[in-house]
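> quick one, what's the 3D model for this:
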Amino acid sequence: MPDREIRRILREQTEAWNRGDGVAWAEHFTVDCDFVNLRGSVLQGRADLAASIVASLQAALKGSQLSLTLRQLTLLTPDLALVDTNYDLTGIQGVLPGVAVIDGVLNTRLKYVAERRDGGWRFIAAQNTVVLPSPTKAA
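Predicted structure coming up:
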(Lines give C-alpha, C1' and ligand atoms only; values in the text may rest on other atoms or scores of the structure.)
Protein backbone atom coordinates (compact mmCIF):
# COMPACT_ATOMS: atom_id res chain seq x y z
CA MET A 1 0.00 0.00 0.00
CA PRO A 2 1.42 3.37 -0.99
CA ASP A 3 -0.06 5.06 2.08
CA ARG A 4 1.78 2.72 4.46
CA GLU A 5 5.11 2.95 2.65
CA ILE A 6 5.03 6.74 2.33
CA ARG A 7 4.15 7.08 6.03
CA ARG A 8 7.12 4.83 6.86
CA ILE A 9 9.42 7.02 4.75
CA LEU A 10 8.16 10.16 6.52
CA ARG A 11 8.82 8.49 9.91
CA GLU A 12 12.35 7.60 8.78
CA GLN A 13 12.92 11.18 7.66
CA THR A 14 11.73 12.51 11.02
CA GLU A 15 14.02 10.12 12.89
CA ALA A 16 16.97 11.04 10.65
CA TRP A 17 16.41 14.76 11.23
CA ASN A 18 16.11 14.33 14.99
CA ARG A 19 19.45 12.53 15.16
CA GLY A 20 21.06 15.19 12.93
CA ASP A 21 21.59 12.94 9.90
CA GLY A 22 20.98 15.02 6.77
CA VAL A 23 22.23 12.31 4.42
CA ALA A 24 19.66 9.82 5.76
CA TRP A 25 16.95 12.53 5.63
CA ALA A 26 17.59 12.99 1.88
CA GLU A 27 17.92 9.24 1.18
CA HIS A 28 14.36 8.79 -0.14
CA PHE A 29 14.75 11.49 -2.80
CA THR A 30 15.69 10.51 -6.33
CA VAL A 31 19.19 11.19 -7.63
CA ASP A 32 17.69 13.77 -9.99
CA CYS A 33 15.16 15.37 -7.61
CA ASP A 34 14.17 19.02 -7.57
CA PHE A 35 13.80 20.67 -4.14
CA VAL A 36 12.78 24.28 -3.44
CA ASN A 37 13.94 25.33 0.02
CA LEU A 38 12.52 27.93 2.43
CA ARG A 39 14.27 30.83 0.71
CA GLY A 40 13.21 29.74 -2.77
CA SER A 41 16.58 28.32 -3.78
CA VAL A 42 16.36 25.30 -6.05
CA LEU A 43 18.48 22.32 -5.07
CA GLN A 44 19.09 19.89 -7.91
CA GLY A 45 19.62 16.25 -7.08
CA ARG A 46 19.90 14.21 -3.91
CA ALA A 47 23.59 15.04 -3.39
CA ASP A 48 22.93 18.81 -3.46
CA LEU A 49 19.91 18.41 -1.18
CA ALA A 50 21.78 16.21 1.30
CA ALA A 51 24.72 18.63 1.41
CA SER A 52 22.36 21.53 2.13
CA ILE A 53 20.52 19.65 4.89
CA VAL A 54 23.82 18.47 6.44
CA ALA A 55 25.10 22.06 6.48
CA SER A 56 21.86 23.32 8.06
CA LEU A 57 21.93 20.60 10.73
CA GLN A 58 25.50 21.57 11.60
CA ALA A 59 24.69 25.29 11.80
CA ALA A 60 21.45 27.15 12.60
CA LEU A 61 19.34 23.97 12.83
CA LYS A 62 21.81 22.00 14.93
CA GLY A 63 19.96 20.15 17.67
CA SER A 64 16.55 21.03 16.26
CA GLN A 65 13.77 18.51 16.61
CA LEU A 66 11.22 17.77 13.93
CA SER A 67 7.60 16.91 14.48
CA LEU A 68 5.92 16.00 11.19
CA THR A 69 2.21 15.77 10.52
CA LEU A 70 0.83 14.28 7.33
CA ARG A 71 -1.89 16.68 6.16
CA GLN A 72 -2.93 14.88 3.01
CA LEU A 73 -1.78 12.06 0.76
CA THR A 74 -3.36 12.01 -2.69
CA LEU A 75 -2.72 9.16 -5.08
CA LEU A 76 -2.76 10.86 -8.51
CA THR A 77 -2.04 7.66 -10.43
CA PRO A 78 -1.02 4.19 -9.21
CA ASP A 79 2.62 5.37 -9.40
CA LEU A 80 2.39 9.09 -8.51
CA ALA A 81 1.35 10.74 -5.24
CA LEU A 82 1.13 14.23 -3.79
CA VAL A 83 2.18 14.29 -0.13
CA ASP A 84 1.39 17.39 1.94
CA THR A 85 3.00 17.70 5.38
CA ASN A 86 3.39 20.17 8.22
CA TYR A 87 6.83 20.48 9.77
CA ASP A 88 7.25 21.91 13.27
CA LEU A 89 10.88 22.49 14.21
CA THR A 90 11.84 23.27 17.79
CA GLY A 91 15.20 23.74 19.52
CA ILE A 92 16.60 26.00 16.80
CA GLN A 93 19.94 27.38 18.01
CA GLY A 94 20.77 29.92 15.32
CA VAL A 95 19.20 32.64 13.27
CA LEU A 96 17.67 31.79 9.92
CA PRO A 97 17.89 34.99 7.82
CA GLY A 98 14.53 35.83 6.29
CA VAL A 99 12.74 33.01 8.13
CA ALA A 100 10.27 33.57 10.97
CA VAL A 101 10.77 31.51 14.13
CA ILE A 102 7.78 32.26 16.38
CA ASP A 103 7.84 31.35 20.06
CA GLY A 104 10.77 29.02 19.37
CA VAL A 105 8.97 27.07 16.64
CA LEU A 106 9.54 27.14 12.90
CA ASN A 107 6.39 26.01 11.10
CA THR A 108 6.66 25.00 7.47
CA ARG A 109 4.56 23.18 4.95
CA LEU A 110 6.55 20.69 2.90
CA LYS A 111 4.82 19.32 -0.18
CA TYR A 112 6.35 16.31 -1.91
CA VAL A 113 5.73 14.64 -5.26
CA ALA A 114 6.36 10.91 -4.85
CA GLU A 115 6.81 8.39 -7.63
CA ARG A 116 6.94 4.63 -7.47
CA ARG A 117 10.32 3.66 -8.97
CA ASP A 118 12.23 0.42 -8.87
CA GLY A 119 9.74 -1.23 -6.55
CA GLY A 120 9.58 1.59 -3.99
CA TRP A 121 8.40 5.15 -3.48
CA ARG A 122 10.84 8.03 -4.00
CA PHE A 123 10.41 11.79 -3.78
CA ILE A 124 11.04 13.38 -7.17
CA ALA A 125 10.24 16.96 -6.14
CA ALA A 126 9.39 18.98 -3.05
CA GLN A 127 8.83 22.55 -1.95
CA ASN A 128 9.14 23.87 1.59
CA THR A 129 7.22 27.01 2.58
CA VAL A 130 7.27 28.91 5.87
CA VAL A 131 3.88 29.20 7.56
CA LEU A 132 3.52 32.72 8.89
CA PRO A 133 1.05 33.77 11.56
CA SER A 134 -2.14 35.37 10.32
CA PRO A 135 -1.86 39.14 10.27
CA THR A 136 -3.85 40.82 13.01
CA LYS A 137 -6.81 42.82 11.82
CA ALA A 138 -7.15 46.44 12.82
CA ALA A 139 -10.13 47.06 15.09
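> residues contacting the residue nearest to Tyr87 when sequence neighbours are not counted?
Once flanking residues are discounted, Tyr87 sits nearest to Thr108: 4.5 Å by Cβ to Cβ, 6 or more residues apart in numbering. In short, each C-beta sits where N, CA and C put it, glycine included. Residues in contact with Thr108 (Cβ atoms under 8 Å, 6 or more residues apart in numbering) are Leu38, Asn86, Tyr87, Leu89, Asn128, Thr129, Val130, Val131.
> switch those over to JSON lines; also include pLDDT and secondary structure.
Formatted as JSON lines, the contacts of Thr108 follow (pLDDT from 0 to 100; DSSP: H, G, I helix; E, B strand; the rest coil):
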{"residue": "Leu38", "pLDDT": "89", "secondary structure": "coil"}
{"residue": "Asn86", "pLDDT": "97", "secondary structure": "strand"}
{"residue": "Tyr87", "pLDDT": "96", "secondary structure": "strand"}
{"residue": "Leu89", "pLDDT": "95", "secondary structure": "strand"}
{"residue": "Asn128", "pLDDT": "96", "secondary structure": "strand"}
{"residue": "Thr129", "pLDDT": "94", "secondary structure": "strand"}
{"residue": "Val130", "pLDDT": "91", "secondary structure": "strand"}
{"residue": "Val131", "pLDDT": "90", "secondary structure": "coil"}
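> now, of those residues, which are buried?
Among the contacts of Thr108, those classed as buried by neighbour count (16 or more other Cβ atoms under 10 Å) are Leu38, Tyr87, Leu89, Asn128, Val130.
> got phi/psi on the residue nearest the centre of the chain?
By Cα atoms, centre = their mean, the chain has its centre lying nearest to Leu110, at 5.0 Å. Per-residue torsions, Leu110: phi -110, psi 120 (degrees, to the nearest 10).
> so it bridges to which residues?
Per DSSP bridges, residues listed as beta-bridge partners of Leu110: Thr85, Asn128.
> list the contacts for it?
Thr85, Asn86, Tyr87, Ala126, Gln127, Asn128, Thr129.
> try Phe123
Ile9, His28, Phe29, Thr30, Cys33, Val83, Tyr112, Val113, Ala114.
> of these, which belong to strands?
When the contacts of Phe123 are checked against strands (DSSP state E), the matches are Phe29, Thr30, Cys33, Val83, Tyr112, Val113, Ala114.
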